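Novice: just need the structure, nothing else, for what follows:
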Amino acid sequence: MNVKKYHSLKESGVEWIDKIPAHWELRRIGQLFKFRNEKVSDEEYMPLSVTKDGVVPQLENVAKTMHNENRKKVLKGDIVINSRSDRRGSSGLAMLDGSCSLINHVLEPRVELEGKYIHYLFKSVPFCDEYYRWGTGIVDDLWSTQKDRMSQIQIPFPPINEQKSIARFLDHKINSMAKLKKMLEEKINKLKEYRSSLITQAVTKGLDPNVPMKDSGIEWLGEVPGHWSVSKIKYLAHPTAVKVGTRFHGSYIGLENIESSTGKLIGSMNIAEITGEALLCRRSDVLYSKLRPYLKKCITAEKEYACTTELIILKPNMKVIPDFLKYLLISDKLTSYIDSTTYGAKMPRTNWDVIGNVLVYIPPLDEQSKIVSFIDDKLNLIDNLMNKLNRELHILDTYRSSLITAAVTGQIDVSDWKEAEEELETIL
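Specialist: Residues are numbered from 1 along each chain as shown. Coordinates of the predicted model:
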C-alpha cells in the first residue's frame with residue numbers, strides 16, 4: 001500500500017492530537033453531539049451490548065438485569081460509548097435501533113458527519129487515553145468519564161467527504177485484517193486440538209501402531225495395548241495435604257498460574273502476598289485442579305512450592321513416572337470421564353474419592369519414559385509454532401491500531417483512496 005501524506009499541516013494545540021491537516025477543524029464533542037437520555041424498555045427496543053467490536057445485539061453471556069425498563073434508547077446512527085473510560089475501546093456506531101445499559105453515553109449527531117469515522121476515532125489509542133484522562137474516580141475499576149466532561153474533549157473533524165473516505169479505507173483494511181486474524185486463530189485452534197489428541201493417543205494407546213491391542217473393559221477408554229496393566233489411580237499415587245508453615249518463604253502457585261491443557265506452570269506469586277491457607281508440595285509431586293476439571297490444569301512440581309487448597313497434591317509411587325501421570329490426567333478421555341462425575345452447577349468440582357477410584361491402564365516404566373519424551377518433544381514443536389502464530393497476531397493487532405490512529409488523526413492522506421485501484425496494484 002502506497003501511503004500518502006498531507007502536504008500542509010498545522011499545530012492542533014491539543015496534546016493528544018499534535019498536528020493535523022491544515023484544512024481540518026477541531027471540534028468539541030459537545031458541538032457535534034447531544035446526549036440521548038430517553039429511557040425505554042428492552043421489550044420495546046432490542047437490548048444492545050457495547051463492546052470492543054462495536055454496538056451489537058446483546059451477547060448471550062452478558063448478565064441480565066431485572067430493570068429491563070430502565071435502559072437508554074439507541075437509534076441507528078447514534079454513537080454509543082461506555083462511560084467507564086477504563087473499558088478502553090468499548091464503543092461504536094449503532095447500526096440498528098435498540099436499548100443499552102445506563103452506564104453508556106448515547107451520542108446523537110447535531111451536525112452532518114460520517115458515523116463510521118467517529119466509530120474509528122473513538123477506538124484509536126490516543127482518543128481512548130484522552131477519554132480516560134477526562135475521567136474521575138477513586139480507583140481504575142471505578143473510573144468513568146461523565147458527559148459534561150466528555151463534551152469538552154476536542155477531536156479532529158475533517159470535511160465530510162474525507163470522513164467518508166477514511167471510513168471506507170478503514171472498513172476495507174480492517175475487514176482484510178479480520179480475515180487474516182481469523183485464519184491465524186484457526187491455525188492456533190487446530191494446533192491446540194492436535195496437542196490434545198496427541199497427548200490422549202500417546203497415554204492411552206502408546207507409540208507403536210502395530211502393537212497387539214485388547215479390550216480395556218472400560219467404556220470410556222476402549223482398546224489398550226495388550227501388555228499394559230490396569231490399576232486404580234489411588235494405587236499409583238497418594239494425596240498429601242500438608243499445610244504451609246510460617247517459616248516458608250518461597251513461591252505460591254494458584255490455579256491462575258497453571259496453563260490449561262498443557263501441563264505448564266505460567267508464573268507464580270510470593271507467599272507473602274497470600275492470605276488464607278496454603279498447602280506444601282515438593283519436587284515431582286503432581287498437582288491437579290479439583291475445580292472445573294474440564295480446564296485440564298495439572299503440572300508436575302519442579303521444586304518445593306506453596307499452593308492453593310483447590311489443588312490435589314499427588315505423590316506418585318514407583319509404578320508411575322510423575323510426568324506420565326500428569327499427561328494421563330489431562331488426556332481428553334480421562335478428563336471427559338472425570339468431568340461427567342463433577343458436582344456443583346456454577347463451579348463444578350471433583351475430589352480424590354472420585355479420581356482415586358478411576359481405572360486406568362499404564363505401560364511399563366521404560367515405555368512410560370519413552371512416551372513422556374515423545375510428548376515433550378512434540379509439545380515443544382507445537383509451542384514454537386503457536387508462539388510464531390501469536391507473534392503474527394500481535395503484529396497484526398499493532399498494525400491495525402496504528403493504522404486506525406494514522407487515518408483518523410490525519411497522519412496519512414486517504415482522501416482519494418479507491419479500493420479498486422489498490423486491488424489492481426496488488427495484482428500487478
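Novice: drop to CA atoms for contacts and neighbour counts, all remaining ones
Specialist: Fine.
Novice: can you give me the strands for the stretch 301-428 of the chain?
Specialist: Shown for the stretch 301-428 of the chain, the strands assigned by DSSP state E, counting those that start in this stretch span residues 305-307, 311-316, 359-362.
Novice: which other helices and strands does the first one contact?
Specialist: Using 3 or more C-alpha pairs under 8 Å, 6 or more residues apart in numbering; DSSP states H and E as the contact criterion, the secondary-structure elements in contact with strand 305-307 are strand 251-253, strand 279-281.
Novice: show me what that strand pairs with in its sheet, parallel or antiparallel.
Specialist: strand 251-253 (parallel), strand 279-281 (antiparallel) (DSSP bridges).
Novice: show the average pLDDT along the lengthiest helix in the chain.
Specialist: Using DSSP state H, we find that the single longest helix of the chain is helix 160-205. Helix 160-205 shows a mean pLDDT of 97.
Novice: run the chain-centre distance for it.
Specialist: 13 Å (C-alpha atoms, centre = their mean, to the nearest Å).
Novice: any idea which helix or strand comes after that helix?
Specialist: Under the assignment DSSP states H and E, the closest C-terminal helix or strand after helix 160-205 is strand 213-215.
Novice: tell me which helix or strand comes right after that next one.
Specialist: Trace forward from strand 213-215 with DSSP H and E and the next one is strand 223-225.
Novice: helices or strands up against the helix or strand just after that following strand?
Specialist: Tracing the chain past strand 223-225, the next element assigned as helix or strand by DSSP H and E is strand 229-232. Packed against strand 229-232, as judged by 3+ C-alpha pairs under 8 Å, 6+ apart, are the following elements: strand 359-362.
Novice: each with direction, which strands does the strand it packs on pair with?
Specialist: Under the rule (DSSP bridges), strand 359-362 has strand 229-232 (antiparallel) as partners.
Novice: ok, and what's touching the helix or strand that the partner strand is followed by?
Specialist: The helix or strand immediately downstream of strand 229-232 is strand 237-240, counting by DSSP H and E. With C-alpha atoms under 8 Å, 6 or more residues apart in numbering as the test, strand 237-240 has contacts from 312-317, 352.
Novice: can you tell me the strand partners of strand 237-240 and which way each runs?
Specialist: strand 311-316 (antiparallel).
Novice: okay, the partner strand in CSV with CA atoms only?
Specialist: This file holds the C-alpha atoms of strand 311-316, laid out as CSV (Å, rounded to 0.1, in the frame of the first residue of the first chain):
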residue,chain,number,x,y,z
LEU,A,311,-5.2,-28.4,44.1
ILE,A,312,-5.0,-32.1,44.9
ILE,A,313,-1.3,-32.8,45.6
LEU,A,314,-0.4,-36.3,44.5
LYS,A,315,2.8,-38.2,45.3
PRO,A,316,3.4,-40.8,42.6
